[in-house]
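**Q** below are the sequence and a predicted model for it; my questions follow.
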Amino acid sequence: LGNKISSALAVMNNTTIVNEETINQLLKEIGNALSLADVQMSLIIQMRKNIMAKIKLDQLAAGLNKRKLIKRVVYEELIKLVDPGVPAWKPTKGKPNVIMFVGLQGAGKTTSVTKLAYFYKRKGWSTALICADTFRAGAFIQLQQNATKAKIPFYGSEDEKDPVAVAKKGVDIFKKEGAEIIIVDTSGRHKQDAELFAEMKQVEQAVKPDNVIFVMDSSIGQAAYDQATAFKSSVGVGSVIITKMDGHSKGGGALSAVAATKCPIIFIGTGEHIPDLDLFNAEGFISKLLGMGDMPAMMQMIKDVVPEDPKAIDDIVNGKFTLRNMKQHFQQILKLGPIDKFVQNLPGLSNLPQLSGNEGNLKLKAYINIMDSLSDKELDGKKPITRPRMLVIAQGSGRHPREVIELLEQFKMFEKTFKQKGIQNIANNMAKGGA
Ligand code: GDP
Ligand code: MG
C-alpha cells in the first residue's frame, strides 16, 4: 500500500495537470491505507473533507506550485489526526509530580510505569513507583521485579487489599522523601467494568495526580474509541501512551484514542524491555500508519540537501549515500538553528534521546568535526574505515572513539533508508523539477 501512495504521489508529480481526479486518487489510496491500519472510518472521512475544503483548485492562482500546496495540505491534515493541538503535560523539576496510570488489563501499564520512571531517572530526576494494583495476583511482584531491575524505589503491599490506601500511603512516603516523579500503577480489569472505574476515581481523589496517563495497546483497533472515551469520562486523562508498537499492529487505534480523549500521545512502547519507550513523533507515526517508512522526513531531508549540492540528488537517484552527503546534511541542519523539533523527523537520529536543543547542535558539531578528519576517499565511501583508523580519527578530531563508532552507526542507518526505492523515485522527480 505504501507503494500505492508513493505511486499516487508520483502520478501527481509527473502529470502536467493537477485536477480533482489526481487528488481523489491520492486521497483514496491514503484512505485505504488508514482503514487497513484500523483507523475509524469517521476520522478518515473527516480528514478527506478537511483536505478538500483547503484545496480549492479553481481558486489557485496560476503559477502557484499546486503540487507542493496539495502535498502540504495532505500532510498537515494527516498530522492533525494524531495531534489534538494541546501541549503535552510536563513535570516540574524540584517538586513532587504525581502521575497515575490507567488502562485495561494487559494494556502495558506495569511495564510502562517502569519505562517512564527509567526515562526520567536517566535524565537525572529522582523517581519512584507505587503498585496500587491490589486486584491481580502477582501484580506487586511484577512491579517489584521491574523496579529492582531499573534501580528505582518502589512501594506496594502483598497483603493490603485497598488500592486507595496503598496509593495514598506510597505517595505520602515518596513526597516526604523528596521524589520528583511519583508514578502510581493501577489495576485494569478485563472489561470497562463499573467497579474498575469506581476504584480508579477513588485512587485519583486520594493521590490528586498532576497527570493521568491512559495506556492503550496499539493492536486494539476499532474498539479504541469507546475504550478511550470510557476512561476519559471517568478520570482526568491528560496524556496517552500507546504500547506494543514493535508488533504487527500499525496502531490505527491510536488516532481514535486521540480523537476520544483530545489528549496528546506522549510515548510509544516499542518492546518488552525497560528502555523500549520512544518519545512520540507524529510524522514518523503517520508514515508508519500509511506504510511509507519515513517518507515525509525523507522528502524534507532531500530538499535540504539539494540547494547545497546538485550532485547529491544524483547520488540519491543512483542509490548512493556517502559520509560526504551526511556531512553536508548535518551542516544544513545546523544552519536552520535550534534542531529540537526538526531533528525528531530524521530517521536514525530520532533514536537518540539526547539529541535535542543545544545538546543536539553540539552533537552534530561533534559529528562534523569527526567527518572533517576523514580523508576524501573515506568521505566518498571508497575506502573502509577500520578500527585502528577510528582511533586515529578520534585523536585527530579531539573526540572520543565512542563518538566515532556512534557516528558510523548513524551513517549506516541513514544509508539503509536512502537505499529504499521510494526515496530514489522522489529524488528522481525532484531532479526533473517535479516536487
Ligand atoms: P498491565 O496489565 O496493563 O499492567 O500490562 P503489563 O505491563 O503487565 O503488560 C502486559 C504484557 O504486554 C506483558 O507481557 C508485557 O511484557 C507486554 N508489553 C507491554 N508493553 C509492551 C511493548 O511495548 N511491546 C511489547 N512487545 N510488549 C509489551
Ligand atoms: Mg499491571
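**A** Yep, that arrived. Numbers count the residues shown, from 1 in each chain. Ligands and ions are numbered 1, 2, ... in the order given.
**Q** what does the chain have sitting close to ligand 1?
**A** Taking Cβ under 6 Å from any ligand atom as the measure of proximity, the chain contacts ligand 1 at 103, 105-111, 188, 243-244, 246-247, 269-272, 276. For glycine as for every other residue, the C-beta is placed from the backbone atoms N, C-alpha and C.
**Q** what's the ChimeraX syntax to select whichever of these are buried?
**A** Per 16 or more other Cβ atoms under 10 Å, the buried members of the residues of the chain next to ligand 1 correspond to this ChimeraX selection:
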select :103,105,107,108,109,110,111,188,243,244,269,270,271,276
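**Q** from the residues of the chain next to ligand 1, which are also near ligand 2?
**A** 109-110 (Cβ under 5 Å from the ion).
**Q** so of the residues of the chain next to ligand 1, which ones are in strands?
**A** Of these, the ones assigned to strands by DSSP state E are 243, 269.
**Q** may I see the buried residues of stretch 114-134?
**A** Here stretch 114-134 shows 114-121, 125-134 as buried, counting by 16+ other Cβ under 10 Å.
**Q** equivalent analysis for stretch 219-235, please.
**A** Result for stretch 219-235 [16+ other Cβ under 10 Å]: buried residues 219-221, 224-225, 227-232, 234-235.
**Q** helix/strand/coil for Gly129?
**A** Let me fix one detail, which is that residue 129 is Leu and not Gly. Classification of Leu129 using DSSP: H, G, I helix; E, B strand; the rest coil returns strand.
**Q** grab the nearest non-local neighbour of the residue of the chain found nearest ligand 1.
**A** Nearest to ligand 1, among the residues of the chain, is Gly269, at 2.6 Å (Cβ to the nearest ligand atom). Once flanking residues are discounted, Gly269 sits nearest to Thr243: 3.6 Å by Cβ to Cβ, 6 or more residues apart in numbering.
**Q** just Gly247 next, same as before
**A** Using Cβ to Cβ, 6+ apart and skipping the chain neighbours, the partner closest in space to Gly247 is Ser219 (6.4 Å).
**Q** give me the pLDDT for the one you found.
**A** Looking at Ser219, its pLDDT is 89.
**Q** verify the contact between it and His248 for me.
**A** Yes - Ser219 is within contact range of His248, at 7.5 Å (criterion: Cβ atoms under 8 Å).
**Q** going on from the least confident helix or strand in the chain by mean pLDDT, what's the next piece of helix or strand?
**A** When each helix and strand of the chain is scored by mean pLDDT, DSSP states H and E, helix 340-343 comes last, with a mean of 44. As assigned by DSSP states H and E, the chain's next helix or strand after helix 340-343 is helix 357-372.
**Q** now for the helix or strand just after that following helix, which elements pack on it?
**A** Using DSSP H and E, the helix or strand that follows helix 357-372 towards the C-terminus is helix 376-379. If you count contacts as 3 or more Cβ pairs under 8 Å, 6 or more residues apart in numbering; DSSP states H and E, helix 376-379 packs onto helix 323-335.
**Q** what's the helix it packs on packed up against?
**A** Judged by 3+ Cβ pairs under 8 Å, 6+ apart, helix 323-335 is in contact with helix 295-305, helix 310-317, helix 357-372, helix 376-379, helix 401-418.
**Q** using PDB, list the CA coordinates for the shortest one.
**A** Written as PDB, here are the backbone C-alpha positions of helix 376-379 (Å, rounded to 0.1, in the frame of the first residue of the first chain):
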ATOM      1  CA  ASP A 376      38.300  12.200   0.700                       C
ATOM      2  CA  LYS A 377      38.300   8.500  -0.100                       C
ATOM      3  CA  GLU A 378      36.600   7.800   3.200                       C
ATOM      4  CA  LEU A 379      34.100  10.500   2.800                       C
END
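**Q** where's Gln406 relative to Lys327, distance?
**A** I think there's a mix-up here, since residue 406 is Glu and not Gln. 15 Å (Cβ to Cβ, to the nearest Å).
**Q** got a list of what Ser397 touches?
**A** 369-370, 372-373, 404 (Cβ atoms under 8 Å, 6 or more residues apart in numbering).
**Q** ok, and the most crowded of these?
**A** Neighbour counts for the contacts of Ser397, by other Cβ atoms under 10 Å, peak at Val404, which reaches 27 neighbours.
**Q** doesn't Ile393 make contact with that one?
**A** Yes - Val404 is in contact with Ile393 according to Cβ under 8 Å; the separation is 5.4 Å.
**Q** any chance you could map the helices in the stretch 1-150 of the chain?
**A** 2-14, 20-36, 41-54, 66-80, 109-122, 139-149 (DSSP state H, counting those that start in this stretch).
**Q** quick one: closest of these to Phe321.
**A** With Cβ to Cβ, the closest approach to Phe321 among the helices of the stretch 1-150 of the chain belongs to helix 2-14: 18.7 Å.
**Q** point out where the stretch 301-435 of the chain drops to low pLDDT.
**A** 301-317, 333, 335-360, 417-418, 420-435 (pLDDT under 70).
**Q** go with 80
**A** 301-320, 328-361, 413-414, 416-435 (pLDDT under 80).
**Q** surely Ile130 meets Lys168?
**A** No - contact criterion Cβ under 8 Å: Ile130 and Lys168 do not qualify, at 9.5 Å.
**Q** which one in this structure is furthest away from the centre?
**A** Asp159 (39.1 Å; Cα atoms, centre = their mean).
**Q** my read is that one is in a strand, agree?
**A** No - using three-state DSSP, the assignment for Asp159 is coil, not a strand.
**Q** who's in contact with it?
**A** Per Cβ under 8 Å, 6+ apart, neighbours of Asp159: none.
**Q** distance to Phe321 and mean pLDDT added to the helices of the stretch 1-150 of the chain, as JSON lines?
**A** Converted to JSON lines, the helices of the stretch 1-150 of the chain look like this (distance: least, Cβ to Cβ, whole Å; pLDDT from 0 to 100):
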{"stretch": "helix 2-14", "distance to Phe321": "19", "mean pLDDT": "62"}
{"stretch": "helix 20-36", "distance to Phe321": "27", "mean pLDDT": "82"}
{"stretch": "helix 41-54", "distance to Phe321": "33", "mean pLDDT": "90"}
{"stretch": "helix 66-80", "distance to Phe321": "23", "mean pLDDT": "77"}
{"stretch": "helix 109-122", "distance to Phe321": "31", "mean pLDDT": "96"}
{"stretch": "helix 139-149", "distance to Phe321": "38", "mean pLDDT": "95"}
